[in-house]
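**Q** structure of the sequence below:
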Amino acid sequence: EKGINIGWMEGQQIPDFKINDVFNKKFKLYDLLDKPLVIEIFELNSAQSKKNKKYLKAFYNQYNINILGICADEYTFQIQDVKTDNELTWSIVQDNSRVLEGKTFAQQNGLENVKFLIILPGGIIHKVYSSESEIGRLGVELQNYFKG
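**A** Predicted coordinates:
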């Protein structure tokens, strides 16, 4: 239907844009595409999301990938605490400000039901996962990508 954004899909080229992390460091999305990029869209109070941080750290170290966290929670300091407390070395951005035509980034890009994306160097979407419990499938896909 006209006006419905079905979101980023596998095989699609993602757009480049500038963004600030929760510490107000500016960067371009394409700056993260020198190697595979995993985007995690998460909420602070999710028990599964808390567990996933350990897996993401392992993937980050094992596969030398880039990761971008997008958090939909309201308080920047809480998101900063998650990054600091978990010793996460990747960027995390806050997605609760309605700066894009009154919509969040996830809403604007049709990513409301997405939890993980794998984006290949050059900006092509490789895989999209809609459940935060699919962290195991994400790991298997990364393993297959780096073996192949």
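**Q** ok so residue 68 is a strand residue?
**A** Yes. Looking at residue 68 with DSSP: H, G, I helix; E, B strand; the rest coil, it is inside a strand.
**Q** count of neighbours near the closest residue to it other than its chain neighbours?
**A** Of all residues not flanking residue 68 in the chain, residue 39 sits nearest, at 4.9 Å (Cβ to Cβ, 6 or more residues apart in numbering). (C-beta placed from N, C-alpha, C; glycine too.) For residue 39, the tally of surrounding residues (other Cβ atoms under 10 Å) stands at 23.
**Q** again with residue 48
**A** Residue 48 is flanked by 14 other residues according to other Cβ under 10 Å.
**Q** over to it: give its phi and psi.
**A** Reported as degrees, to the nearest 10, the phi and psi values for residue 48 are phi -60, psi -40.
**Q** how distant is the helix-or-strand element of the chain with minimal mean pLDDT from the center of its chain?
**A** Every helix and strand in the chain was compared by mean pLDDT, DSSP states H and E; the lowest is helix 105-108, with a mean of 78. Offset of helix 105-108 from its chain centre (Cα atoms, centre = their mean, to the nearest Å): 12 Å.
**Q** sounds good, over and out.
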